[in-house]
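**Q** my questions are about this predicted structure, shown below with the sequence.
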Amino acid sequence: MIALMTAIAGCVPSESVQRTEITQTVLCIEGVDTETFQMTLRVLHKDTDPADPSAENHFLRGVAFYCTGKLASSLHELSIALSIDPAYYEALSLRARLFSETGKTDKALADLSAAARANPENPDPLIERGNIHLSLEMYSKAGNDFVNAIKRSPRSVIAYVGLADIHAAKGEYDKALNFYDRALRLDPDSADAYTARGLTYFETSQYVRAVGDLERAGSIDPSRSIRLAQSRGYAHFHINNFKQAAEAFSEIIASEPVPPSDIVTMRALSYFNAAMYDKAIADARLAVDLAPDDAKVHYNRANFLAQLGNYNEALQSYNEAVRLDPDYFEALLNRGKVYFDTGKYFRSLIDYNRAVELRPDLVQGYVHRGSAYVAAEMYRQAEEDFTVVLEKEPGWVDIIIAMSELSALRGAALSTCVWLNKAVTLGYSDWQYVWDSPAFEPVRQEGCYKEIVPPSTKEDILPVEPVLPSPAKPGDTPETSLKPPDIFDFSTLK
């Protein structure tokens with residue numbers, strides 16, 4: 001409620017009240033230091049006779065009650081003031097604000113309409129009414145309010161920001177940015193305009209520009225820096241400025257007695273991506289302490305530990321995530337990957353089977369499970385899973401190469417060549433891998449294989465005898481491309 005905040009802060013006309021203490025009391029709505037406010041409040045109570053029937057007296061008492069959080073008493077005093085003087089602009093404005101803050105929107109709109117009539121040259125009540133209409137998605141009424149505010153004050157930056165906000169809310173971002181630009185031409189130091197434009201840049205994934213505007217807004221008005229820190233942090237994260245992202249999230253954490261676990265998690269992710277692993281693990285632990293019943297924080301901690309090779313602790317955290325949420329697809333998938341990486345292929349298949357059961361529409365489960373089937377030498381099942389993957393992602397070259405290897409292991413030269421040829425048509429050229437893969441040994445002397453695969457120096461010199469790959473040992477990675485992707489980073493970042 002930016003516009004009304006400004007209006008109320010200066011709502012006592014200097015010609016009617018000259019006392020500094022009353023002016024400062026009114027400013028409590030924007031915030032003054034506690035000692036000054038308490039002093040001026042004592043003066044106000046001492047100098048004011050409750051029996052005085054003047055509208056101004058009841059208005060000032062309404063302000064005093066509002067500033068001390070006694071909203072019901074404030075509403076009572078403001079209503080008395082307005083019963084004495086129904087056109088009391090400042091009382092209407094403050095009561096509208098009070099109604100708005102307590103969810104009485106219709107009454108707030110009625111008071112703002114009365115305030116607009118009482119002070120026909122002031123754009124503020126129209127701007128505030130427009131903001132309420134905007135929050136209710138009543139875009140036409142909001143637009144009329146902001147346009148009429150501009151008619152009253154052609155250089156009203158907040159009104160132009162309001163028009164921009166309407167377009168942003170409707171997804172008309174180019175129009176929104178045009179109005180934000182116009183507002184900044186009117187006032188190049190408008191923190192409101194920089195804030196709103198920066199958030200719109202963020203919504204449209206223009207993160208570099210978002211960072212610039214949000215930082216500019218914070219430098220103009222330091223009081224909003226912490227409020228914008230979360231958006232700045234996410235914007236920095238998106239453009240890989242991980243240290244700056246961590247600094248922004250740290251602002252929020254330092255300002256809260258009990259920091260939000262999701263912000264702590266985002267700082268952990270930022271630290272991890274900045275290779276500040278000790279701090280990342282410490283934050284992941286803190287997030288768990290803050291939200292021990294949240295499966296997500298255990299999952300994120302497990303991901304960090306797994307990627308650092310600390311598999312035992314990672315499994316403990318994955319286990320806790322799955323205990324809290326037995327249908328946690330990503331946790332099952334990544335726990336299965338840890339089992340796979342430690343040679344526990346059949347144990348990994350239990351998690352992969354459950355993951356596929358939960359999300360049969362996603363290819364990740366089939367890729368992981370197919371890889372585990374290969375490691376367990378269950379080649380037919382592996383082919384079935386990779387066939388499903390290619391039905392969903394027909395251009396996945398690594399899976400096509402995997403199918404060619406499975407065909408070669410069966411000695412099916414024609415099928416091997418069909419898959420290899422398909423990979424070549426998609427641009428595959430990693431012949432060093434093909435030369436090194438033992439899976440192709442059974443078909444290396446076949447004519448179609450030689451037509452597709454260029455000869456290696458080794459093959460030119462020495463004949464190659466077909467050799468089947470030896471069974472995988474615990475902890476080994478299968479000697480084919482058929483291995484799961486790395487730990488999936490299904491983080492809290494949206």
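**A** Perfect, thanks for sending it.
**Q** pLDDT value on Leu60, please?
**A** We have a pLDDT of 86 for Leu60.
**Q** likewise for Phe242?
**A** 97.
**Q** could you measure from it over to Arg410?
**A** Relative to Arg410, Phe242 is positioned 47 Å away (CB to CB, to the nearest Å). Just so you know, the C-beta spots here come from the backbone N, C-alpha and C atoms, and that holds for glycine as well.
**Q** between the two, who's got more neighbours?
**A** Neighbour count, other CB atoms under 10 Å: between Phe242 and Arg410, Phe242 has more, with 19 against 15.
**Q** residue contacts, that one?
**A** Contact analysis of Phe242 by CB atoms under 8 Å, 6 or more residues apart in numbering lists 236, 270-271, 273-274.
**Q** quick one: low-confidence parts of the stretch 51-200 of the chain?
**A** Scanning the stretch 51-200 of the chain for pLDDT under 70 picks out 51-53.
**Q** show me where it has helices.
**A** Assigned by DSSP state H, counting those that start in this stretch, the helices in the stretch 51-200 of the chain fall at 55-67, 71-84, 89-101, 105-118, 124-135, 139-152, 157-169, 173-186, 191-203.
**Q** now render the ones you listed as CSV, adding mean neighbour count.
**A** Shown next, in CSV, are the helices of the stretch 51-200 of the chain (neighbours: other CB atoms under 10 Å):
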stretch, mean neighbour count
helix 55-67, 23
helix 71-84, 18
helix 89-101, 24
helix 105-118, 19
helix 124-135, 25
helix 139-152, 18
helix 157-169, 24
helix 173-186, 18
helix 191-203, 23
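**Q** any chance of these in a markdown table, with distance to Arg335 too?
**A** Compiled in a markdown table, these are given as follows (distance: least, CB to CB, whole Å):
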| stretch | distance to Arg335 |
| --- | --- |
| helix 55-67 | 54 |
| helix 71-84 | 51 |
| helix 89-101 | 47 |
| helix 105-118 | 48 |
| helix 124-135 | 43 |
| helix 139-152 | 47 |
| helix 157-169 | 41 |
| helix 173-186 | 41 |
| helix 191-203 | 34 |
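**Q** out of those helices, flag the one nearest Asp262.
**A** Closest to Asp262 of the helices of the stretch 51-200 of the chain is helix 191-203 (CB to CB; 17.0 Å).
**Q** could you point out the helix or strand that follows the closest one?
**A** Note on helix 191-203: by DSSP states H and E, the next helix or strand toward the C-terminus is helix 207-220.
**Q** go ahead and confirm Asn122 touches Ala149.
**A** No. If you go by CB atoms under 8 Å, Asn122 and Ala149 don't touch, sitting 9.1 Å apart.
**Q** nearest residue to Ala168 in space, please, no chain neighbours.
**A** Closest residue in space to Ala168, ignoring its immediate chain neighbours: Ala176 at 3.9 Å, by CB to CB, 6 or more residues apart in numbering.
**Q** then Ser156?
**A** Nearest to Ser156 is Pro123, by CB to CB, 6+ apart, at 5.1 Å.
**Q** ok, now which ones touch the one you found?
**A** 3, 148-150, 152-153, 156, 159.
**Q** try 7 Å this time
**A** Residues in contact with Pro123, defined by CB atoms under 7 Å, 6 or more residues apart in numbering, are 149, 152-153, 156, 159.
**Q** kindly reformat those residues as CSV containing distance to Arg323.
**A** Formatted as CSV, those follow (distance: CB to CB, whole Å):
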residue, distance to Arg323
Ala149, 56
Arg152, 61
Ser153, 60
Ser156, 57
Ala159, 54
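**Q** now the phi/psi pair for Glu446, please.
**A** phi -70, psi 140 (degrees, to the nearest 10).
**Q** name the residues that touch the host helix or strand of Arg347?
**A** When elements are assigned from DSSP H and E, Arg347 belongs to helix 345-358. Applying CB under 7 Å, 6+ apart, the contact partners of helix 345-358 are 327, 329, 332-333, 335-336, 339-340, 365-366, 368-369, 372, 375-376.
**Q** next secondary structure element downstream of that helix?
**A** helix 363-375.
**Q** quick one, domains of the chain?
**A** 1-154, 398-470 (automatic domain parsing).
**Q** ramachandran coordinates for Ile399?
**A** Per-residue torsions, Ile399: phi -70, psi -40 (degrees, to the nearest 10).
**Q** count of neighbours near it?
**A** 24.
**Q** now the angle from the helix or strand where Tyr318 lies to helix 345-358?
**A** Tyr318 belongs to helix 311-324 when assigned by DSSP H and E. Helix 311-324 runs at 30 degrees relative to helix 345-358, counting by axes from the mean of the first three to the mean of the last three CA atoms, to 10 degrees.
**Q** what is the next helix or strand along the chain from helix 311-324 packed up against?
**A** Proceeding N to C from helix 311-324, the next assigned helix or strand is helix 329-341, under DSSP H and E. Helices and strands touching helix 329-341, by 3 or more CB pairs under 7 Å, 6 or more residues apart in numbering; DSSP states H and E, are helix 295-307, helix 311-324, helix 345-358, helix 363-375.
**Q** mind running it again at 6 Å?
**A** Contacts defined by 3 or more CB pairs under 6 Å, 6 or more residues apart in numbering; DSSP states H and E place helix 329-341 against helix 311-324, helix 345-358.
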